[in-house]
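Student: sequence first, then the predicted structure, then my questions.
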Protein chains: 2
Amino acid sequence: MNGQQIPAEKLNTILEAIKLAPSSLGLTPYKVIVIEDAETRKQLQPHFYNQSQIVDGSAVVIFATWTNITEKEVAAYMQDIAEQRSVPVESLTDFSNMINGSLKNQTPEQAQIWAAKQTYIALGFGLVAAAAEQIDATPMEGFNPAGVDEVLGLKELGLHSTVAITLGYRDEAGDYLVNAKKVRYNDEKLFIKK
Amino acid sequence: MNGQQIPAEKLNTILEAIKLAPSSLGLTPYKVIVIEDAETRKQLQPHFYNQSQIVDGSAVVIFATWTNITEKEVAAYMQDIAEQRSVPVESLTDFSNMINGSLKNQTPEQAQIWAAKQTYIALGFGLVAAAAEQIDATPMEGFNPAGVDEVLGLKELGLHSTVAITLGYRDEAGDYLVNAKKVRYNDEKLFIKK
């Protein structure tokens, strides 16, 4: 990327789209870390195999799932629904029991995988919004999560990183793929219609 | 949903968005099953805990990952890139070795989880496109994958279902949530900005 900063308004639109992403049971078991600070991005870069877009993009957005997904987190979610919809929290007991039951059927590791999958929906929303705003976006799985978590102090916050996007403007001159055709499977390879 | 069919043009736009979704390494380790046929949807319904939108929606879109992700599938992908970009397949050897190396570092189970995550990006793209086309969409994880795979003959195709969307038009009269406020965490709860 070329180091140019993206306008605050466009970044906010992208973050708003991420905020609107749905998640299973609406639980949204993640936080979204938005890093514009240059020094922090420099510290992150080695944990992204030194990829240049971490520092020459404008913002790095890291999706980090909750490490603990327990009745406590579900209760906080119920409280949030009750407040946003102005309904008594007791009216949500069935929903709460359903979520807790679903969590009890999973090992903590399975719950983590399930939570990580939800972050990929939000990633998708962020990528579409970036394209709509004509901001270049690089989705990234290739990083060392432990290193990223360490730099951002995520462990202490009960979070761990799963996937990321760098937002910025492409470096037309330095990108050997900039004129390459976008490769996607054609309809016959991707779809089965019934 | 109210049983009304969505126009073919709108469905195609949504599928086109799904097709444009990126995936890790571009491998797109999944197929997308698009079911408009009423009889097939009726057969699927019990495997979706009898949720009504399976039959009173207009189309069910099921994301199904490749069960085998091996050098063979990677070679087919290289062939596809070579054809689409009109480059010799040999020019892709480094990329191919990188993907195969990445796959060798994963157990088949880990590769499956990784592949499933990719389908959630495509799910996100489909949901945004549906909203843009003013089509109602219900993302669904709550189904019995083995039953769905059986109805659709996915096992024989080397596929298994991971997540789904029903597309259609909401039944305004019958949906008790239709006027409920959309609940999303506010900025302070969702974002950490640095």
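Tutor: Ah, there it is. None of these values were measured; they are calculated from a predicted model.
Student: from the chain's centroid, how far away is the strand ranked longest in chain A?
Tutor: In chain A, taking DSSP state E as the definition, the longest strand is strand A:159-168. Distance of strand A:159-168 from its chain centroid, counting by CA atoms, centre = their mean, to the nearest Å, is 6 Å.
Student: where do the helices of chain A begin and end?
Tutor: For chain A, the helices defined by DSSP state H occupy A:8-20, A:38-44, A:53-56, A:71-85, A:93-104, A:108-132, A:145-152, A:187-190.
Student: adding distance to chain B and mean neighbour count, write the ones you listed out as TSV.
Tutor: For the C-beta atoms, the positions are set from N, CA and C on the backbone; glycine is no exception. Below are these laid out as TSV (distance: least, CB to the nearest CB, whole Å; neighbours: other CB atoms under 10 Å in any protein chain shown):
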stretch	distance to chain B	mean neighbour count
helix A:8-20	5	17
helix A:38-44	5	16
helix A:53-56	13	21
helix A:71-85	5	15
helix A:93-104	9	14
helix A:108-132	2	22
helix A:145-152	7	18
helix A:187-190	6	12
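Student: hmm, back to that, just want the angle from the longest strand of chain A to helix A:145-152.
Tutor: Counting by axes from the mean of the first three to the mean of the last three CA atoms, to 10 degrees, strand A:159-168 lies at 80 degrees to helix A:145-152.
Student: rewinding a little: for the helices of chain A, which one sits closest to B:P145?
Tutor: Among the helices of chain A, the nearest to B:P145 by CB to CB is helix A:108-132 (13.6 Å).
Student: for that closest one, name the packing helices and strands.
Tutor: helix A:8-20, strand A:30-35, strand A:59-66, strand A:136-140, strand A:159-168, helix B:108-132 (3 or more CB pairs under 8 Å, 6 or more residues apart in numbering or on different chains; DSSP states H and E).
Student: and the residue nearest the centre of chain A, what does it touch?
Tutor: For chain A, the residue nearest the mean C-alpha position is A:F63 (3.3 Å; CA atoms, centre = their mean). Contacts for A:F63 were tallied using CB atoms under 8 Å, 6 or more residues apart in numbering or on different chains; they are A:Y30, A:V32, A:I33, A:T119, A:A122, A:L123, A:S161, A:T162, A:V163, A:A164.
Student: now the phi/psi pair for A:N186, please.
Tutor: Dihedral pair for A:N186: phi -80, psi 170, per degrees, to the nearest 10.
Student: just the closest of the contacts of A:F63 to B:S86, please.
Tutor: Looking across these and measuring by CB to CB, the closest to B:S86 is A:L123, at 30.8 Å.
Student: residues near the nearest residue to that closest one once chain neighbours are set aside, how many?
Tutor: Leaving aside its chain neighbours, A:L123 sits nearest to A:V163 (5.4 Å; criterion: CB to CB, 6 or more residues apart in numbering or on different chains). When neighbours are counted by other CB atoms under 10 Å in any protein chain shown, A:V163 registers 24.
Student: pLDDT at A:D175, what is it?
Tutor: Residue-level confidence at A:D175 comes out at 78, pLDDT.
Student: who touches the residue of chain A positioned farthest from its centre in this structure?
Tutor: Farthest-out residue of chain A from its mean C-alpha position, per CA atoms, centre = their mean: A:K194, at 32.8 Å. Each residue near A:K194 by CB under 8 Å, 6+ apart is listed here: B:I33, B:V34, B:I35, B:E36, B:D37, B:T40, B:L152.
Student: roughly how far is the helix or strand bottoming out on mean pLDDT in chain A from the heart of the chain?
Tutor: Scoring the helices and strands of chain A by mean pLDDT, DSSP states H and E places helix A:187-190 at the bottom, with a mean of 91. How far helix A:187-190 lies from its chain's middle: 28 Å, per CA atoms, centre = their mean.
Student: before we move on, what about stretch A:130-146?
Tutor: Its chain's C-alpha centre lies 9 Å from the corresponding centre of stretch A:130-146 when counted by CA atoms, centre = their mean.
Student: tell me the buried residues in that stretch?
Tutor: Within stretch A:130-146, the residues that count as buried by 16 or more other CB atoms under 10 Å in any protein chain shown are A:A130, A:E133, A:I135, A:D136, A:A137, A:T138, A:P139, A:M140, A:E141, A:F143, A:P145.
Student: now the helices of chain A in a markdown table, with distance to B:N179?
Tutor: Converted to a markdown table, these look like this (distance: least, CB to CB, whole Å):
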| stretch | distance to B:N179 |
| --- | --- |
| helix A:8-20 | 18 |
| helix A:38-44 | 42 |
| helix A:53-56 | 43 |
| helix A:71-85 | 10 |
| helix A:93-104 | 17 |
| helix A:108-132 | 24 |
| helix A:145-152 | 39 |
| helix A:187-190 | 37 |
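Student: which one of the buried residues of stretch A:130-146 is nearest B:T70?
Tutor: Distances from B:T70 to the buried residues of stretch A:130-146, taken by CB to CB, are shortest for A:E141, at 19.7 Å.
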